[in-house]
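Novice: got a sequence here, can you model it:
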Amino acid sequence: MLQTLVRLEGKIPTRFRYTRHMSRAFIHSFQLRILGFYKGAAIRDLVKRVHHEVDCQILSNEGYMAYSLARAQSTMDGVMAEVGTYQGASAKLICAAKGDTEFHVFDTFCGLLDASEEDPLFRQHDYAASEESVRKYLADYPNVIFHKGLFPADTGSDVADKKFSFVNLDVDTYASTRDCLEFFYPRLLPGGILLSHDYAQAEGVRKAFDEVLGTKPESIIELPESQCMFVKQG
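Specialist: Here you go, the predicted model:
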């Protein structure tokens, strides 16, 4: 039932955004109870707090997945990255798990710039946020580096020589997903993980993964809600 609601939620027209909000609120509340039961009060309260602090576009389980993978990968060499941070919800969960690992945060901070006919769920300039507000939101965490601009065209050169242990994508569109995958795939360490939002509901995101990963040895792992991931082979 939850998976059905998530898939439907992504297809609800603009005039039904209140219904969309209520469906997300129901799923979020239910998942928080499950998180608290299995993972304890501390992680439940962290995820709950993030949802209250900012406009959080990820479900509770999706937030926990980003947190859990960042925590697991924090023992590896290499750096971490997130492309498409919006108001910083998933970035804060990653920060809470990464320890001292260097973490690169990429966003245009003026919303989506490449939404096209490949991306019927999204519009130009959706999810615009203030860079200053996100910097302030993550100010308590060490080794967080911000990059403003379209990735990788404007900011990829900043990290072209880096190796990555964990990358989180939430870029929504076909073009950006494709460009991110082509950039990060050769720069992921063996055992490195790339996690992406919207794979289950955004046709453009799925198309980009199928095109870029289709000839690669890694398998795309579909997760319970909208996310997918893959683990880089050696």
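Novice: please count neighbours and contacts with C-alpha atoms only from this point.
Specialist: Will do.
Novice: next secondary structure after whichever helix in the chain runs longest?
Specialist: For the chain, the helix with the greatest residue count under DSSP state H is helix 17-39. Per DSSP states H and E, the first helix or strand lying C-terminal to helix 17-39 is helix 41-53.
Novice: go through the longest helix of the chain and flag the buried ones.
Specialist: Residues of helix 17-39 classed as buried by neighbour count (16 or more other Cα atoms under 10 Å): 20, 23-24, 27-28, 31-32, 35.
Novice: which residues touch residue 177?
Specialist: Contact analysis of residue 177 by Cα atoms under 8 Å, 6 or more residues apart in numbering lists 169, 171, 205, 208-209.
Novice: go with 6 Å
Specialist: By Cα atoms under 6 Å, 6 or more residues apart in numbering, residue 177 lies in contact with residue 205.
Novice: who are the packing partners of the longest strand anywhere in the chain?
Specialist: The longest strand of the chain (DSSP state E) is strand 188-196. Here strand 188-196 touches strand 164-169, strand 228-231, going by 3 or more Cα pairs under 6 Å, 6 or more residues apart in numbering; DSSP states H and E.
Novice: go again using 10 Å as the cut-off
Specialist: With contacts taken as 3 or more Cα pairs under 10 Å, 6 or more residues apart in numbering; DSSP states H and E, strand 188-196 sits against helix 60-73, strand 79-83, strand 164-169, helix 174-184, helix 203-213, strand 221-222, strand 228-231.
Novice: how big is the angle separating the longest one from helix 17-39?
Specialist: Helix 60-73 and helix 17-39 meet at an angle of 50 degrees, taking axes from the mean of the first three to the mean of the last three Cα atoms, to 10 degrees as the criterion.
Novice: buried residues in helix 60-73, which are they?
Specialist: By 16+ other Cα under 10 Å, the buried positions in helix 60-73 come out as 60-71, 73.
Novice: just the CA atoms of that helix, as PDB, please.
Specialist: What follows is helix 60-73, C-alpha atoms only, in PDB (Å, rounded to 0.1, in the frame of the first residue of the first chain):
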ATOM      1  CA  SER A  60      11.400   9.000   6.300                       C
ATOM      2  CA  ASN A  61      12.700   5.700   5.000                       C
ATOM      3  CA  GLU A  62      14.500   7.500   2.200                       C
ATOM      4  CA  GLY A  63      16.100   9.800   4.600                       C
ATOM      5  CA  TYR A  64      17.200   6.900   6.800                       C
ATOM      6  CA  MET A  65      18.700   5.200   3.700                       C
ATOM      7  CA  ALA A  66      20.900   8.200   3.000                       C
ATOM      8  CA  TYR A  67      22.000   8.300   6.600                       C
ATOM      9  CA  SER A  68      22.700   4.600   6.800                       C
ATOM     10  CA  LEU A  69      24.700   4.500   3.600                       C
ATOM     11  CA  ALA A  70      26.700   7.600   4.600                       C
ATOM     12  CA  ARG A  71      27.500   6.000   8.000                       C
ATOM     13  CA  ALA A  72      28.600   2.800   6.400                       C
ATOM     14  CA  GLN A  73      30.800   4.500   3.800                       C
END
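Novice: thank you, goodbye.
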